[in-house]
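Q: from the sequence below, what's the structure:
(chains A and B)
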Amino acid sequence: MNVKMGVDIGGVTLKNPVMTASGTFGYGEEYADYLDLNRLGAIVVKGLSLNPREGNPPPRIIETASGMLNAVGLQNVGVEEFIDKKLPYLRTIEPAVVANIFGESVEDYVKVAEILSDAEGVDAIEVNISCPNVRRGGIAFGSDPVLAGEVTRAVKGVSRLPVIVKLTPNVTDITEIARSVEAAGADALSLINTLIGMSIDIERRVPHLGHVTGGLSGPAIKPVALRMVWEVVKTVSIPVIGVGGIMNVSDALEFLIAGAWAVQIGTANFLNPSVAADIVDGIERYLSDNNLDDIHDLIGTLRI
Amino acid sequence: MKPDTCAAVFSQKEEVKGHFLMTVKAPASFRKAIPGQFIMLRREGGNTPFLSRPFSIYSMYSQGDDTFVEILYKVVGKGTEAFSRLREGDALDILRPLGRGFDVPPACRKIVLIAGGIGVAPLSFLAQRCGRNIRGAEIICYLGAGSSETLAGLDRLEGICSAVEISTDDGSRGYPGPVTSLFKRDRDLYADNTTRIYSCGPRPMLRGLQELLKGRPGVCQVSLEERMACGIGACLGCVVRIRPDGAEGSLVRVCTEGPVFDIRDVEFGE
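A: Sure, this is the predicted structure:
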């Protein structure tokens, strides 16, 4: 049975609702030996800044119960080198290319967005207003509805590409941020980014991470991510992309049923590099087994 | 063709106290390994432990259509503890040989290995390959351990190397003291262009070795270890600072630009 898996996320057409999450899939080519990249709906690349960024000193990661903390600190090659050295490969493959961007000021975000708007092969911009690992910029934007709206409006003002805004869960009321960002013109939302956490080495009595705190990801955060996606879906009219602890097709289906139009697979890629392709297959099988023609027959069908 | 990731435990035994030798039946598609490379390994299914763990390849060989990978590891935490309880037939997820291995120039005639504890694993694989591929190579190993009870990998090395010099921190066997002190005694024998030094072990030991070799001729490569999540260069979790020419350098990935580096370039930190 041929099922229709295509979704339109604020102007970007994806052949299926499965994307890979920023920071977990490099710039795509790293995974080329492990799965057929053309199975994916979209690849979201590592967050890009105006200038190359070294990131935090090690240690940068630590395993936690059913998850991990990371304090990588947004190490990236910078937007110019991305366009010169990484984008050419991405142009040769089918998935939509989403460029995740961040900055320390609204001006930074705008400059990066402008440069990417003109780059051939980029299909959408994902604005990271939520990364908890930078000392300035990131956390402030994502936690304040006014600032979140301001950066969204500014990026929308210069971008010729659809703008997806990625929200942080480290707030009191994520629906407030969502509403503000939608009003400011975002074409879609993705949530959640990592939850801020910590881990301590009891032998040496120091934090496990050089940065002290880091972002928690993996199965441990799925219930929080799912709840927030459900809440935001009820609040906004623009498409919502669900992220957070999706490890297999069953997890992905929960988010789609809750109303997400697409999902991003992140930490799961570390355990199984081909998991995102497996999830595409699994969603197709589920639709077929349940006599659903089209992915839209599944999205948002949660019954309460 | 995409490589398989399904493997299984073929055998496992405790070599010396707290140190295990596991033989893994690897996927048929497994590529050849270069000494110094590692695999990412995980018990199939379940979330505890969560991430895969990196293990240096101790040996790799084919038997008929089957490929086997050996790892020699020490139980140091949750992950290795869980591995030590696996038995024959247990299913594993595995990633193929990863990273940059040791480089042995064709003109090399004398190979010196300095192993600290479980650092012996990749060096033993190197010794095996050199012993097989380089005619007339002299392979000398300095093998350090905490005590004679935890001296791992000795038998295999004795079968391959021209000489094995042993040191134990507690003096229960061989030279009493760190392996770097033992090496220091013979250091002057190895300062020429046909000799290459290779080392693997705890960071403090490698930092000490870097000091011992500072300003002296001759090349030494080290294999580093760092916590990893993906093992394939995507997550940027496993970085180390590498400073070629002593400049500020950059943070590079132990899993991809490494795990083998020139000892002179590594910033060992505190």
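Q: and the contacts of stretch B:203-223?
A: Stretch B:203-223 is contacted from outside by B:36, B:56, B:102-103, B:114, B:116, B:119, B:122-123, B:144, B:178-180, B:183-184, B:187, B:190-193, B:195-200, B:224, B:258-264, B:266, B:268, using C-beta atoms under 8 Å, 6 or more residues apart in numbering or on different chains. Any C-beta I mention is one placed from the backbone N, CA and C, and that applies to glycine too.
Q: buried subset of those residues?
A: B:36, B:56, B:102, B:114, B:116, B:119, B:122-123, B:144, B:178-180, B:183, B:190, B:195-200, B:224, B:258-261, B:263-264, B:266, B:268 (16 or more other C-beta atoms under 10 Å in any protein chain shown).
Q: mind showing which ranges of the chain have poor pLDDT?
A: Looking at chain A here, since you left the chain open. For chain A, applying pLDDT under 70 flags the ranges A:1, A:131-140.
Q: not quite, I wanted chain B
A: The low-confidence ranges in chain B, as defined by pLDDT under 70, are B:1-3, B:270.
Q: what's the domain layout of it?
A: Following automatic domain parsing, one gets these domains for chain B: B:6-98, B:102-223, B:225-270.
Q: one step back: so which of the contacts of stretch B:203-223 sit within helices?
A: B:122-123, B:179-180, B:183-184 (DSSP state H).
Q: can you redo those as a markdown table with distance to A:Gln75?
A: A markdown table is the format used below for those (distance: C-beta to C-beta, whole Å):
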| residue | distance to A:Gln75 |
| --- | --- |
| B:Pro122 | 27 |
| B:Leu123 | 31 |
| B:Val179 | 34 |
| B:Thr180 | 32 |
| B:Phe183 | 35 |
| B:Lys184 | 37 |
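Q: which of the contacts of stretch B:203-223 fall in strands?
A: B:56, B:114, B:116, B:144, B:195-200, B:260-262 (DSSP state E).
Q: what helix or strand is the residue of the stretch 151-300 of chain A at minimum distance from chain B located in?
A: Nearest residue of the stretch 151-300 of chain A to chain B (C-beta to the nearest C-beta) works out as A:Phe270 at 4.3 Å. Assigned by DSSP states H and E, A:Phe270 belongs to helix A:268-271.
Q: tell me what that helix is packed against?
A: With contacts taken as 3 or more C-beta pairs under 8 Å, 6 or more residues apart in numbering or on different chains; DSSP states H and E, helix A:268-271 sits against helix A:275-289.
Q: residues contacting the helix it packs on, please?
A: A:1, A:3, A:5, A:16-18, A:20, A:35-36, A:39-41, A:246-250, A:252-253, A:256, A:263, A:265, A:268-269, A:272, A:292-295, A:297-298.
Q: tell me the buried residues in it?
A: A:275-280, A:282-284, A:286-287.
Q: equivalent analysis for stretch A:175-185, please.
A: Going by 16+ other C-beta under 10 Å, stretch A:175-185 has these buried residues: A:175, A:177-182, A:184-185.
Q: again, but for stretch A:213-228
A: A:214-222, A:224-226, A:228.
Q: and stretch A:42-57, by the same measure?
A: Here stretch A:42-57 shows A:42-50, A:52-53, A:55-56 as buried, counting by 16+ other C-beta under 10 Å.
Q: next one: stretch A:144-158
A: A:144-145, A:147-156, A:158.
Q: for the ones in helices among the contacts of stretch B:203-223, which one is nearest chain A?
A: B:Pro122 (20.7 Å).
Q: I'd say the closest one and B:Ile34 touch.
A: No: at 10.0 Å, B:Pro122 does not count as touching B:Ile34 under the criterion of C-beta atoms under 8 Å.
Q: just the ones of the buried residues of stretch A:42-57 in strands?
A: Cross-referencing the buried residues of stretch A:42-57 against strands under DSSP E gives A:42-44.
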